[in-house]
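S.K.: Sequence first, then the predicted structure, then my questions.
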Amino acid sequence: MSEDRFDVIVVGGGLAGSAAAYTLAKAGVEVAVIERGPSCGSKNMTGGRLYGHSLKKLIPDFEQRAPLERRITKERVSLMSAGGSTTVEFDSNTLGGDKASYTVVRGKFDQWLASEAEALGATYVCGIRVDDLIVRNGKVRGIIAGEDKLEADVVILADGVNSLLAQKIGLAGPTDSNKVAVGLKEVIKLSEQQMKDRFGAVDDNGTAWLFAGDPTLGSIGGGFLYTNKDSVSLGIVATVGDVEYSETSVVEMLNRFKEHRLIAPLIEGGELLEYSAHLVPEGGYDAMPELVGDGVLVAGDAAGMVLNLGYMVRGMDLAIEAGHQAANAVLYARRRGDYSRKTLSSYKTALENSFVLEDMKLYRKAPEFMENRRVFTRFPIMLEEIMRAMFTVDGESSESLVKKILPAVSDAGITALAKDAVQIISAL
Ligand SMILES: Cc1cc2nc3c(=O)[nH]c(=O)nc-3n(C[C@H](O)[C@H](O)[C@H](O)COP(=O)(O)OP(=O)(O)OC[C@H]3O[C@@H](n4cnc5c(N)ncnc54)[C@H](O)[C@@H]3O)c2cc1C
């Protein structure tokens, strides 16, 4: 890296970073993105499903140009017990309408978004880790990477979950292990015929499937499966603070998940293409750091912008919108020639008026609900008992349906279930 100067430096070439760089480069601003991985998308990870709405605002024809895997037309949610599962499925070829969601593989997708920003004039420097920030008179004025220093009017921190840089300048506190989860993912290649037979994957139709229960053996977390063009992204997410005390490691959870009777036939004969691990911020709105400082803004996972509602996980659409809004705030500050915290705070106002902070606030109780261990232990067993009672005909006892399922509900505790229901309603 040379002793150079840019108008803006973005740390991290993920979706938040590249959305910011794209917006700034389009406005003619000299922007450099510093990415520690050898290429964009090589160090970060996702489960696999991008809600396309915020990218569509940025790049209206992205659906024609981006390397998308499949359009999600099938939603599934399963509660798993050791030997069974109960699944809810919703299938519609118009799911999402003109705001559809797609499976993506980050290695390809992030490089594409970076190339779009580069085509507009953004500079990408890959393979360099930013170690620290240049701070002068309390204002962030650039970055330090090893022996190198690079100055700028303003720095956007889009360096992902557990941003050490945001911590160093006091915008974020130390990471709380109960507010982050660890994700383990495998990408497994299947043939075109296997994709069709196992997931009904015709044309570009795709499936998003989330799981809770048995695989995490009572730990807070769950599994996911997304269908790509000719592979599936399959993984486990578990809260770090919980896993620390669990007798089962996340690797064992993933193996147990893969061996479950619901999953094993779906991946049988598949070839492992990729294996990765990554953290996910899961603390919600109340765990977010300060978003703005003098000469600095924080966007995406670095700012804890992830929503895990059990039936859906979102972070990528929030990261794109936040990167875009961070760039807009920089453009506003440039016009005023003032990069103070006060002026850059237009970023926070824009996020408050957008779905990013509206949704983060709306679902601020979701992390509390996700910490309800009964969802991962008692619910799957209760549902299995209800299903078994409903669908078993033994020719011995003739009982009404209510009488058949009552023991399962009583075992789970009627008062506790009522409390769970109230918690679910207030969280979602
Ligand atoms: C297991 C798992 C499943 C998920 N499932 C989904 C899903 O299905 N849908 C969804 O929308 N979201 C999902 N998410 C969340 C989503 O992946 C993130 O919210 C999203 O990637 C955030 O983008 P970002 O640009 O903020 O951060 P990242 O994509 O993490 O990018 C940060 C970048 O900064 C770089 N970097 C970090 N530190 C430095 C440094 N010091 N110097 C230089 N570069 C640095 C990293 O290498 C990385 O490229 C999932 C996450 C995980 C882990």
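M.R.: Thanks, I have the structure now.
S.K.: Quick check: chain neighbours aside, which residue is closest to the residue in the stretch 1-150 of the chain that the ligand sits nearest to?
M.R.: Of the residues in the stretch 1-150 of the chain, the one nearest the ligand is Gly14, at a distance of 2.1 Å by CB to the nearest ligand atom. From N, CA and C alone the C-beta is placed, and that goes for glycine too. Using CB to CB, 6 or more residues apart in numbering and skipping the chain neighbours, the partner closest in space to Gly14 is Asn44 (4.9 Å).
S.K.: re earlier: surely the residue of the stretch 1-150 of the chain closest to the ligand is in contact with Ala158?
M.R.: Yes. Between Gly14 and Ala158 there is a contact under CB atoms under 8 Å: 6.2 Å.
S.K.: Quickly list what's touching both of the two.
M.R.: Taking CB atoms under 8 Å, 6 or more residues apart in numbering as the contact criterion, the residues that touch both Gly14 and Ala158 are 300, 319.
S.K.: Can you give me the pLDDT of the most centrally placed residue in the chain?
M.R.: Centroid check for the chain by CA atoms, centre = their mean gives Gly315 as the closest residue, at 3.8 Å. The pLDDT attached to Gly315 in the predicted structure is 97.
S.K.: How many residues are close by Pro270?
M.R.: Not Pro; residue 270 is Gly. A total of 19 residues lie near Gly270 under the criterion other CB atoms under 10 Å.
S.K.: ugh, typo on my part, it should be Val125
M.R.: Other residues within reach of Val125 by the criterion other CB under 10 Å amount to 18.
S.K.: residue contacts, the residue of the stretch 1-150 of the chain closest to the ligand?
M.R.: By CB under 8 Å, 6+ apart, the residues touching Gly14 are 40-41, 44, 110, 158, 160, 300-301, 319.
S.K.: Please tell me how far it sits from Leu79.
M.R.: Separation of Gly14 from Leu79 (CB to CB, to the nearest Å) stands at 32 Å.
S.K.: go on, Thr415?
M.R.: Spatial separation of Thr415 from Leu79 under the definition CB to CB is 21 Å.
S.K.: more crowded one of these two?
M.R.: Here Thr415 and Leu79 are set side by side on neighbour count (other CB under 10 Å), and the busier one is Leu79, at 22 against 7.
S.K.: any idea which helix or strand carries that one?
M.R.: Assignment of secondary structure by DSSP states H and E places Leu79 within strand 71-80.
S.K.: where does that strand sit relative to the chain's centre, distance-wise?
M.R.: Relative to the centre of its chain, strand 71-80 is centred 16 Å away, using CA atoms, centre = their mean, to the nearest Å.
S.K.: Over to stretch 219-226?
M.R.: The chain centroid and the centroid of stretch 219-226 are separated by 12 Å, computed with CA atoms, centre = their mean.
S.K.: List the contacts of it.
M.R.: With CB under 8 Å, 6+ apart as the test, stretch 219-226 has contacts from 47-49, 80, 103, 181, 206-213, 215-216, 232-239, 242-243, 246, 248, 253, 257, 263, 266, 310, 313, 370-371, 373, 376.
S.K.: Same question for stretch 388-406.
M.R.: Identification of contacts with stretch 388-406 by CB under 8 Å, 6+ apart yields 84, 385-386, 407-408.
S.K.: wait, which of the residues you listed is closest to the ligand?
M.R.: Within the set of these, Gly84 lies nearest the ligand; the separation is 25.1 Å, counting by CB to the nearest ligand atom.
S.K.: How many residues are close by that closest one?
M.R.: 20.
S.K.: for this structure, which spans come out with low pLDDT?
M.R.: Low-confidence regions of the chain, defined here as pLDDT under 70, cover residues 1-3, 369-371, 373, 397, 412, 422-428.
S.K.: Around the ligand, pick out the residues from it.
M.R.: For the chain, the contact set with the ligand under CB under 6 Å from any ligand atom comprises 11-17, 34-37, 43-50, 129-130, 158-160, 183, 185, 235, 237, 278, 280, 300-301, 306, 313-317, 319.
S.K.: Tell me which of the residues you listed fall in helices.
M.R.: Here DSSP state H is the test, and the residues of the chain next to the ligand give 15-17, 316-317, 319 as lying in helices.
S.K.: can you list these in a markdown table and add neighbour count?
M.R.: Output for these, formatted as a markdown table (neighbours: other CB atoms under 10 Å):
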| residue | neighbour count |
| --- | --- |
| Leu15 | 35 |
| Ala16 | 32 |
| Gly17 | 35 |
| Met316 | 28 |
| Asp317 | 24 |
| Ala319 | 32 |
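S.K.: Between which two of these is the distance greatest?
M.R.: Within these, Gly17 and Asp317 form the most distant pair, 15.2 Å apart (CB to CB).
S.K.: Extract the C-alpha trace of the helix or strand hosting Glu63 and format it as CSV.
M.R.: Here Glu63, judged by DSSP H and E, is contained in helix 62-65. What follows is helix 62-65 as a C-alpha-only set of coordinates in CSV (Å, rounded to 0.1, in the frame of the first residue of the first chain):
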residue,chain,number,x,y,z
PHE,A,62,-29.2,-6.8,-10.4
GLU,A,63,-31.5,-9.8,-11.1
GLN,A,64,-30.3,-9.9,-14.7
ARG,A,65,-26.6,-9.4,-13.9
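S.K.: Nearest residue to Ser163 in space, ignoring adjacent ones along the chain?
M.R.: Ala302 (3.8 Å).
S.K.: isn't the one you found right up against Gln167?
M.R.: No. Look at Ala302 against Gln167 with CB under 8 Å: they stay out of range, at 10.0 Å.
S.K.: Good, wrapping up.
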